[in-house]
Each structure stands twice: as C-alpha cells, then as structure tokens.
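In: no sequence for this one, just the structure:
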C-alpha cells in the first residue's frame, strides 16, 4: 500500500454501511474508512484506543456517562476499555485509526461484524 | 486529551513553520499537526512508519528514487527506513501520525528540531 490514497474518495465509493475498509497501514495499526448511518452496536476495545476522524457529515459517539458530537474535520479518541456506540442520524463518512488487533465490533460478533479479510479487500 | 479536536483548526492557529503540535494520542502513537512551507530536511525513521494527511494545500514528499505529490485530503505513509524530505512550495497544513518514539527530523538534530515537550504544549 505504498502509494497515496484519498480516504474521502474511498469512503464515497463504499456501497455498504458499517463495513470498514483498510486504506493504509502504519506499523501495527490500520487506517480505515467507513460509510455509516444509524447506529453500530455498544462495544469496547479492552486494550486499544480508537481514533475517529469525520470526513463528511456528523457522528455522535455515545459512551457510558457522556456523548461526543463530531462534525466534519473533527477527531476524537475513544480510550481503551470505554464502552461506546457510534451513531449517525444521516449518512456520514469516517476515517478510523485502529490497531491491527482491534475488533471493530469488540468481542461481540453480530451481523455487522466484518472480518479483517473483508476490511482489507480493495473493492 | 479525552476530548474532540479539530486538527485543521489547531494547524491554522500555529504561528511557526515545521513545529509539530500533538493534538491526540492513540496507544503508543501521537496525532500531530503542523503548518509547513519550504522544505524540512532529508531524514529517515529507521523503525517507524509515518503517515502524512493533507489538511490544506499541497505537499511534495521527496524520497530517494521517487516523489509523491499530495493534495488536500490525500494521505501517504512513508515506510520505515525510507529517507524522505517533505517540501511545500506554498503554505500547507498537515496531520501526522507517528509513534511516540519517532523523532520528527530523524536522528539529525538541526535548528528545525523540536523536542517532544515543545510538540506537546497547548499554545
């Protein structure tokens, strides 16, 4: 993946909500993009922080005890161990930075869960 | 730093070129922003990849044997060990993702070199 990438352009081409796609790797982390709408599920990553960066639209990250509202161009790190649920009232495009070990729906396997192989495919 | 941040807004407020500022941390990495113009210096990070994301303007990353031209919204990972020199013909605002161990001018200490304490200050 040693080439430049436009995360926003890749996100715009996605056809499925909540199906992250890896666009770059940095050491033991992946840069991913996703097109989201509605809510994912409540989950936590016990050992990994997770960065959200809003490429387009707005995202609300519900956490136990607080909620963060993010607009285009804003970033937020969900600390390890914090249960959270991302919610987009309208279509939103996001960039994520996660460790390669991070399970995007935490340890809860649901119909939303995508394997890393699915996240690594190029189309 | 458990609060949302607008990397572009922080970069726009910087008054000094090539002086990175930490805006978030993810595990053992920092998210930084910088306002750049002209060229930095040729350097490499032997053990760490480095991600560049263009918030505003254009950046050219010269590497030995190749050059990448990045526009607003584009990202590129300089692989570990690759000597590189970022160049901006006009003012450019960038977001970086680097390991906390990464020295932003490599092992070459120059007048451009900023300590991590300088990069962590809030103003």
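Out: That came through, no problem. Because the structure is a prediction, the values reported are computed rather than measured.

In: now the helices for chain A?
Out: Assigned helices in chain A, in chain order: A:7-13, A:116-120 (criterion: DSSP state H).

In: Please work out which of these is packed deepest.
Out: For the helices of chain A, ranked by mean neighbour count under the definition mean count of other CB atoms under 10 Å in any protein chain shown, the leader is helix A:7-13 at a mean of 17. (C-beta placed from N, C-alpha, C; glycine too.)

In: now that helix, how far from the centre of its chain.
Out: 13 Å (CA atoms, centre = their mean, to the nearest Å).

In: now do stretch A:101-117
Out: On the basis of CA atoms, centre = their mean, the separation between the geometric centre of stretch A:101-117 and that of its chain is 11 Å.

In: How about the residue minimising distance to the centre of chain A: which residues does it bridge to?
Out: With distances taken as CA atoms, centre = their mean, residue A:96 lies nearest the centre of chain A, 4.5 Å away. On DSSP bridges, the residues paired with residue A:96 through beta bridges are residue A:32, residue A:52.

In: Briefly note if stretch A:56-70 comes near chain B.
Out: Yes. Contact check for stretch A:56-70 against chain B, using CB under 8 Å from any CB of the partner chain: residues in range are A:68, A:70.

In: now that stretch: mean pLDDT?
Out: Across stretch A:56-70, pLDDT averages out at 96.

In: picking that back up, I'd say the residue nearest to the centre of chain A and residue A:31 touch.
Out: Yes. Judged on CB atoms under 8 Å, residue A:96 makes contact with residue A:31 at a distance of 7.3 Å.

In: So which residues lie in contact with stretch A:54-67, not counting its own?
Out: Applying CB atoms under 8 Å, 6 or more residues apart in numbering or on different chains, the external contacts of stretch A:54-67 come out as A:7-8, A:11-12, A:33, A:36, A:42, A:52, A:68-76, A:78, A:82-95.
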